[in-house]
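Novice: Can you look at this prediction? I've put the sequence above it.
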Amino acid sequence: MTQGFTLWLTGLSAAGKTTIAMALEQELLGRGLRIERLDGDTVRQGLTRDLGFSKADRDKNIERVTYVAKLLSRNGVGVIAAFISPYREARANARRETTNFIEVYVATPLDVCAARDVKGLYAKAFSGELKEFTGVNDPYEAPLSPEIIVHPEHDTVAESVQHILDYLEAHGFVPAAAIVLNGNKA
């Protein structure tokens, strides 16, 4: 890989962003590529732990992540960013600021996300106990024209990853995986 890119996965909480991002990261690292994964949960433990969940704080969170992605991607690193990033304008800014921005909409319906939520956040949001929860009592602005859409409620993680890989390979961001024939790479 000679050029960096920023692959930005957006979707509701529990949509499958982190799961897909981790599987994609392992595939690309296995190919010997320079890849960094930035994830909402881990970034909030360090880089943005001082921020809450107001719109201003969410925008600041994405602004900081965008800055890191900008530094990495302009230096030839493939960045996989997995964030709810609910506001279109914040994602548009990330597109403007980073190198080779590719938006991936992890299009999992709200009811499916709520059913798979192991943290119980949706139940708290539906009951009113949790305020400013994206998709329930705070808006999520779905992408209007993402480069890639994956549907984890219908597709396996491997199928979603392959869909993303197909795009990255077709657009020259990553080389195609070597084909293995009879145990030998072709």
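Specialist: Good, I have the coordinates.
Novice: C-terminal to the helix or strand encompassing Thr19, what's the next element?
Specialist: For Thr19, the host element (DSSP states H and E) is helix 17-30. Following helix 17-30 in sequence order, the next helix or strand is strand 35-39 (DSSP H and E).
Novice: which regions of this structure lie under the pLDDT threshold?
Specialist: Applying pLDDT under 70 to the chain flags residues 1-2, 43-52, 178-186.
Novice: now the helices for it?
Specialist: Secondary structure of the chain, counting by DSSP state H: helices at 17-30, 40-45, 55-74, 88-97, 110-116, 121-127, 157-170.
Novice: which strands and helices sit next to the last one?
Specialist: Counting contacts by 3 or more Cβ pairs under 8 Å, 6 or more residues apart in numbering; DSSP states H and E, the secondary-structure elements packed against helix 157-170 are strand 5-10, helix 17-30, strand 101-106, strand 148-150. (C-beta placed from N, C-alpha, C; glycine too.)
Novice: would a markdown table of these with distance to Glu36 and mean neighbour count be doable?
Specialist: Listed next are the helices and strands packed on helix 157-170 as a markdown table, based on distance: least, Cβ to Cβ, whole Å; neighbours: other Cβ atoms under 10 Å:
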| stretch | distance to Glu36 | mean neighbour count |
| --- | --- | --- |
| strand 5-10 | 10 | 28 |
| helix 17-30 | 8 | 19 |
| strand 101-106 | 15 | 23 |
| strand 148-150 | 19 | 20 |
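Novice: and the ones you listed as TSV, adding distance to Leu121?
Specialist: TSV is the format used below for these (distance: least, Cβ to Cβ, whole Å):
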stretch	distance to Leu121
strand 5-10	17
helix 17-30	14
strand 101-106	17
strand 148-150	22
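Novice: can you tell which of these is closest to Glu129?
Specialist: With Cβ to Cβ, the closest approach to Glu129 among the helices and strands packed on helix 157-170 belongs to helix 17-30: 23.8 Å.
Novice: how much does the closest one deviate in direction from strand 101-106?
Specialist: Relative orientation of helix 17-30 versus strand 101-106 (axes from the mean of the first three to the mean of the last three Cα atoms, to 10 degrees): 130 degrees.
Novice: how about the nearest residue to Val136, chain neighbours excluded?
Specialist: Ala125 (3.9 Å; Cβ to Cβ, 6 or more residues apart in numbering).
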